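Asker: okay, here's the prediction I keep looking at, along with the sequence it came from:
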Amino acid sequence: MTSALYPTFARADLAFERGEGVRLFTADGTEYLDFASGIAVNSLGHCHPHLVKALTEQAGRVWHVSNLYQVPGQEELARRLTENSFADAVFFTNSGAEALECAIKTARRYHYASGSPERYRLITFEGAFHGRTLATIAAGGQPKYLEGFGPAVDGFDQVPFDDLDAVRAAIGPQTAGILIEPVQGEGGLRPVPFATMRALRALCDEHGLLLIVDEVQCGVARTGKLFAYEWSGIEPDIMALAKGIGGGFPMGACLATREAVKGMVHGVHGTTFGGNPLAMAVGNAVLDVVLEPGFIDHVREMGLRFRQGLARIADEHPGIIETVRGEGLMMGVKCRVPNKELVAALQAERLLCVGAGDNVVRLMPPLIVEASDIDAALDRIDAACRALEAAAALRRASA
Ligand SMILES: *Cc1c(COP(=O)(O)O)cnc(C)c1O
């Protein structure tokens, strides 16, 4: 039967009926270990009892009222996010791309309100991914995402990854800020060196620019800090969040300092669904768990165990895996075979993962993963590597 959906996704021939913790089950009961987490979204795994309770209780009270009225859950979640970050103010969205749109608009309006409306350009980095709206594909700058959609939205100047001289050269009288993922996700799990993050902060201070971090994928404890910018000891002016903050409920947020948000006055931006009571109930419930003492230590511990295991497997299968990359539970391996082959071999071993740029396979389990799950995943990764080696040996023998 032909599908009535847009054919924009290359979906695996796999559907799940039920999820529990780090596991997903197909209709016939086959169990998969979920180290994709819906692309780093299911931060607390599937059907976490605290999230199910928060969502179902809210569903029995009120679903949606719009931003015409007070939404107490927004006030609460914004207060908790600002208390636990650099930020003073929050705008809630439905997705990562919308959080980035708000971040870009906030930066442009800051300079407008400061009397420099000509400052609207943002410096971005090769390999970046910021979403699929017209502005965010221009920010990401990937030709494959821009092709055929008309002139790219103006206002983004892209420089090579981790090239400070290029950043300095790109700063001009129209520059408003620098937009960066502290750990590139889609681009292939490339962490920005901490010294580079500090140098970008210093450049922003020197030139009156805003530093915007895109933590849509690496935020909310994924790297073993609540926010990835914390690793470098600096603070941004604006931050985009989504993915893990909703634990599977679609939501995002743009956070800013009091100073950076000064142009976003009454009426200049809006959303119908953003910050709706269902999303806020789940977002607050995610934070209840993530902010529990010891939770982030657990992420770091599991990340270390996973990294050591992956390094061992990489040593044992140098023909399959070149290097291990990432931070915390945002891990990946750069492959020597096409990454699609490793993704398929892992799926055959019932381990779910996500391909990324630079021939990388992303392994991003729910943050509630236990040592026994990590060890089970490592066994399946080892088995997948052996299967690929056996297939290559067969091909050589028959050639
Ligand atoms: C996924 C992602 C986005 C886009 O989020 P959507 O919810 O798909 O719009 C933006 N930036 C980064 C770093 C991402 O990983």
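Answerer: The structure has been received and is ready for your questions. Residues are numbered from 1 along each chain as shown.

Asker: residues contacting the residue in the chain that the ligand sits nearest to?
Answerer: Residue of the chain nearest the ligand, by Cβ to the nearest ligand atom: Gly96 (2.2 Å). Any C-beta I mention is one placed from the backbone N, CA and C, and that applies to glycine too. Contact partners of Gly96, counting by Cβ atoms under 8 Å, 6 or more residues apart in numbering, are 130-131, 214, 216-217, 240-243, 252.

Asker: and if you look at Cys47?
Answerer: 19-21.

Asker: how confident was the prediction at it?
Answerer: What the model reports as pLDDT for Cys47 is 98.

Asker: how near is it to Val369?
Answerer: To Val369, Cys47 is 15 Å away according to Cβ to Cβ, to the nearest Å.

Asker: likewise for His46?
Answerer: 12 Å.

Asker: okay but Gly252 is in contact with Gln217, surely?
Answerer: No. Using Cβ atoms under 8 Å, Gly252 and Gln217 do not qualify as a contacting pair, with a distance of 11.5 Å.

Asker: and the nearest residue to Phe194 once chain neighbours are set aside, how many neighbours?
Answerer: Leaving aside its sequence neighbours, Phe194 sits nearest to Ser232 (Cβ to Cβ, 6 or more residues apart in numbering; 3.9 Å). Residues within reach of Ser232, counting by other Cβ atoms under 10 Å, total 20.

Asker: isn't there a helix covering Val213?
Answerer: No. Val213 is assigned strand when assessed by DSSP: H, G, I helix; E, B strand; the rest coil, not a helix.

Asker: nearest residue to it in space, please, no chain neighbours.
Answerer: Nearest one to Val213, counting by Cβ to Cβ, 6+ apart, is Pro236 at 4.4 Å.

Asker: what is the burial count for that neighbour?
Answerer: Pro236 has 31 nearby residues by other Cβ under 10 Å.

Asker: what strand or helix carries it?
Answerer: Per DSSP states H and E: Pro236 is located in neither a helix nor a strand.

Asker: residues in contact with the residue nearest to Phe194?
Answerer: 182, 192, 194-195, 197-198.

Asker: keep only the contacts of Gly96 that also lie close to the ligand.
Answerer: 130-131, 214, 216-217, 242-243 (Cβ under 6 Å from any ligand atom).

Asker: which of these are buried?
Answerer: 130-131, 214, 216-217, 242-243 (16 or more other Cβ atoms under 10 Å).

Asker: check those and tell me the two furthest apart.
Answerer: By the measure Cβ to Cβ, His130 and Lys243 form the most distant pair in these, at 12.7 Å.

Asker: who touches both of those two?
Answerer: 96, 216.

Asker: okay, Ala399: pLDDT?
Answerer: 81.

Asker: that one: how many residues sit nearby?
Answerer: 5.

Asker: Ala393 versus that one, what's the distance?
Answerer: Counting by Cβ to Cβ - Ala399 and Ala393 are separated by 11 Å.

Asker: quick one: low-confidence ranges for the protein?
Answerer: Along the chain, the model assigns pLDDT under 70 to residues 1.

Asker: list the helices and strands the longest helix anywhere in it packs on?
Answerer: For the chain, the helix with the greatest residue count under DSSP state H is helix 371-398. Other elements packing on helix 371-398 under the criterion 3 or more Cβ pairs under 8 Å, 6 or more residues apart in numbering; DSSP states H and E are strand 31-34, helix 295-316, helix 339-348, strand 351-352.

Asker: now the angle from whichever helix or strand comes after the longest one to helix 371-398?
Answerer: Helices and strands here follow DSSP H and E; after helix 295-316, the next one along the chain is strand 321-327. What separates the directions of strand 321-327 and helix 371-398 is an angle of 160 degrees, with axes from the mean of the first three to the mean of the last three Cα atoms, to 10 degrees.

Asker: so which bits of the following helix or strand past strand 321-327 are buried?
Answerer: Next in sequence after strand 321-327, counting helices and strands by DSSP H and E, comes strand 330-335. Buried residues in strand 330-335, counted by 16+ other Cβ under 10 Å: 330-335.

Asker: tell me where this structure has helices.
Answerer: 37-40, 49-59, 72-83, 96-113, 134-140, 143-146, 164-170, 194-207, 277-290, 295-316, 339-348, 371-398.

Asker: can you put those in a markdown table and add distance to Tyr6?
Answerer: A markdown table is the format used below for those (distance: least, Cβ to Cβ, whole Å):
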| stretch | distance to Tyr6 |
| --- | --- |
| helix 37-40 | 18 |
| helix 49-59 | 28 |
| helix 72-83 | 32 |
| helix 96-113 | 17 |
| helix 134-140 | 16 |
| helix 143-146 | 15 |
| helix 164-170 | 36 |
| helix 194-207 | 37 |
| helix 277-290 | 25 |
| helix 295-316 | 35 |
| helix 339-348 | 21 |
| helix 371-398 | 31 |
